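Asks: Sequence first, predicted coordinates after that:
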There are 2 protein chains.
Amino acid sequence: MSTSERLIDATRELLWERGYVGTSPKAILERADAGQGSMYHHFKGKPDLALAAIRRTAEELLATAEGVLDGPGTPYERIEAYLRRERDVLRGCPVGRLTMDPDIIASDELRAPVDETLDRIRERIAAIVEEGKEQGQFAPSLDGEEIAAAVLATVQGGYVLARASGSADAFDAGVRGLLSLLAPDRPA
Amino acid sequence: MSTSERLIDATRELLWERGYVGTSPKAILERADAGQGSMYHHFKGKPDLALAAIRRTAEELLATAEGVLDGPGTPYERIEAYLRRERDVLRGCPVGRLTMDPDIIASDELRAPVDETLDRIRERIAAIVEEGKEQGQFAPSLDGEEIAAAVLATVQGGYVLARASGSADAFDAGVRGLLSLLAPDRPA
DNA sequence: GTCTATATTCGGATAGAC
DNA sequence: GTCTATCCGAATATAGAC
């Protein structure tokens, strides 16, 4: 793998583990087994390298999410598959966690890929909910955009609860709670 | 206000804005208008001061949440009041954001107040859901603990979505989505 | 492209005077 | 209790040799 790729990969890992403010160029260089010269040759500096890393992570996450959401099954089943897909719950969301980073939020450039990724997943879920309404699987009174926001928020918030307690249980409980409310055959 | 109180308050603000790794003793001292000597006289160091600050913030948040949850109204109305209560959405949750801080998660002592606060709110909501089930307002099939986790996760995740997009809209959408699913008079 | 050397400021803390 | 002085390593970079 090229030095530049190793730098991006190391940065992706560290951004996930420690966030932007918690990640130093030195730590990146150590993990990538590269020298300072390489880093400043390939990238303008920490923000530039972080941008490349965030874009890569965002692309991958979007592809994974769309892969599940566009899979087989009824609208409810596809949303369930998204909520229940395998996750490294205690590590948190590699994209969502960036929203707690003040330097990311302060930079439109760094925030953009985060915003765009979550937004696209939300749109995709919203469309699936609308589909389910047409098929009579979901109540016509439900709003696709709102349900999509609730689904995404449950996932993102599930990570928070799980990390607070040190266990994935809270994430799973939240998902089961939301699914029990969303289930087409839910008893009134 | 005493120097020690000013140090705690400054630390609370900075932990909310920048997290633990993003908060330096120097920044705390500047905001508290105190000297280094004062800080190391009153506290053992950064972790000790942060612990005092986190405990204070956690207590306040718990009191606020319980105040709303124990207010008047039906179980549904009290959960709605909790979800809709005024929040500084774009600033994020002063307690929940700490879960994205690697140094907080790595320390059982610093994580404890975060875990305990979220857990107590969850328990309180779970009890209210059970109450609603007894009164026939919620379906008997719902699990109090799971619904409580979903409610808390929607709030915590709502902060994430809002900060990603730079607007409180996504938070409100998620809350409306969850409430539309939870509403007692929800059309099947 | 990569290396080493150097610079500047910050992070986190200790020592000792007042 | 608070202040100043000081310490040492890390953070973020630039310069210039190879």
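Replies: Structure received.

Asks: CA atoms for contacts and neighbours, from now on please.
Replies: OK.

Asks: Disregarding residues adjacent in the polypeptide, which is nearest to A:G22?
Replies: B:V21 (5.9 Å; C-alpha to C-alpha, 6 or more residues apart in numbering or on different chains).

Asks: Can you classify the one you found as helix, strand or coil?
Replies: In three-state terms, and counting by DSSP: H, G, I helix; E, B strand; the rest coil, B:V21 is coil.

Asks: Please report the distance of it from DNA strand D.
Replies: 10 Å (C-alpha to the nearest atom of the strand, to the nearest Å).

Asks: do A:I8 as well
Replies: For A:I8 relative to DNA strand D (C-alpha to the nearest atom of the strand), the value is 15 Å.

Asks: Near DNA strand D, which residues of chain A are found?
Replies: A:21, A:23-27, A:36-37, A:40, A:44-47 (C-alpha under 7 Å from any atom of the strand).

Asks: can you name the two of those residues that are farthest apart?
Replies: Within the residues of chain A next to DNA strand D, A:V21 and A:G37 form the most distant pair, 21.7 Å apart (C-alpha to C-alpha).

Asks: out of these two, which sits in the busier spot?
Replies: A:V21 (18 against 9; other C-alpha atoms under 10 Å in any protein chain shown).

Asks: So the more buried one sits against A:D103, correct?
Replies: Yes - using C-alpha atoms under 8 Å, A:V21 is in contact with A:D103, at 7.0 Å.

Asks: Between these two, which contacts overlap?
Replies: Overlap of the contact sets of A:V21 and A:D103 (by C-alpha atoms under 8 Å, 6 or more residues apart in numbering or on different chains) is empty.

Asks: Pull the contacting residues for the residue nearest to A:G22.
Replies: Here B:V21 is in contact with A:V21, A:G22, B:D101, B:P102, B:D103 (C-alpha under 8 Å, 6+ apart).

Asks: between these, which is nearest B:E123?
Replies: B:D101 (24.4 Å).

Asks: doesn't B:T23 make contact with that closest one?
Replies: No - under the criterion of C-alpha under 8 Å, B:D101 makes no contact with B:T23, lying 11.1 Å away.

Asks: about what we covered before: dump the residues of chain A next to DNA strand D to a markdown table, plus secondary structure.
Replies: A markdown table is the format used below for these (three-state DSSP):
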| residue | secondary structure |
| --- | --- |
| A:V21 | coil |
| A:T23 | coil |
| A:S24 | coil |
| A:P25 | helix |
| A:K26 | helix |
| A:A27 | helix |
| A:Q36 | helix |
| A:G37 | helix |
| A:Y40 | helix |
| A:K44 | coil |
| A:G45 | coil |
| A:K46 | helix |
| A:P47 | helix |
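
Asks: Now for A:F138: which residues touch it?
Replies: With C-alpha under 8 Å, 6+ apart, A:F138 has these contacts: A:V129, A:G132, A:L182, A:P184.

Asks: could you redo the last one with a cut-off of 7 Å?
Replies: A:G132, A:P184 (C-alpha atoms under 7 Å, 6 or more residues apart in numbering or on different chains).

Asks: So what touches stretch A:117-132?
Replies: Taking C-alpha under 7 Å, 6+ apart as the rule, stretch A:117-132 contacts A:A58, A:L62, A:A65, A:P75, A:F138, A:G144, A:E145, A:I147, A:A148, A:A149, A:L152.

Asks: now, which of those lie within helices?
Replies: Mapping those onto helices (DSSP state H) picks out A:A58, A:L62, A:A65, A:P75, A:G144, A:E145, A:I147, A:A148, A:A149, A:L152.

Asks: from the middle of its chain, how far away would the top helix by length along chain A be?
Replies: In chain A, taking DSSP H as the definition, the longest helix is helix A:108-134. Relative to its chain's centre, helix A:108-134 lies at 11 Å (C-alpha atoms, centre = their mean, to the nearest Å).

Asks: Which residues belonging to that helix are considered buried?
Replies: If you call a residue buried by 16 or more other C-alpha atoms under 10 Å in any protein chain shown, then helix A:108-134 has these buried ones: A:110-119, A:121-122, A:124-133.

Asks: Look through chain A and state the residue closest to DNA strand D.
Replies: Taking C-alpha to the nearest atom of the strand, DNA strand D has its nearest neighbour within chain A at A:S24, 3.3 Å off.

Asks: That residue - how many residues pack around it?
Replies: 15.

Asks: Now do it, the pLDDT please.
Replies: According to the prediction, A:S24 has pLDDT 97.

Asks: Next: the one 5 residues further on.
Replies: pLDDT, the model's per-residue confidence, is 97 for A:L29.

Asks: Would you mind writing the CA trace of the strand or helix carrying it as CSV?
Replies: Assigned by DSSP states H and E, A:L29 belongs to helix A:25-32. In CSV, the C-alpha atoms belonging to helix A:25-32 read as follows (Å, rounded to 0.1, in the frame of the first residue of the first chain):
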residue,chain,number,x,y,z
PRO,A,25,-0.1,14.2,13.5
LYS,A,26,2.5,12.4,15.5
ALA,A,27,0.1,9.6,16.3
ILE,A,28,-0.9,9.3,12.7
LEU,A,29,2.7,9.1,11.6
GLU,A,30,3.5,6.4,14.1
ARG,A,31,0.5,4.3,13.1
ALA,A,32,1.2,4.7,9.4
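
Asks: Is it positioned near DNA strand C?
Replies: No - Helix A:25-32 does not reach DNA strand C (C-alpha under 7 Å from any atom of the strand); its nearest approach is 8.9 Å.
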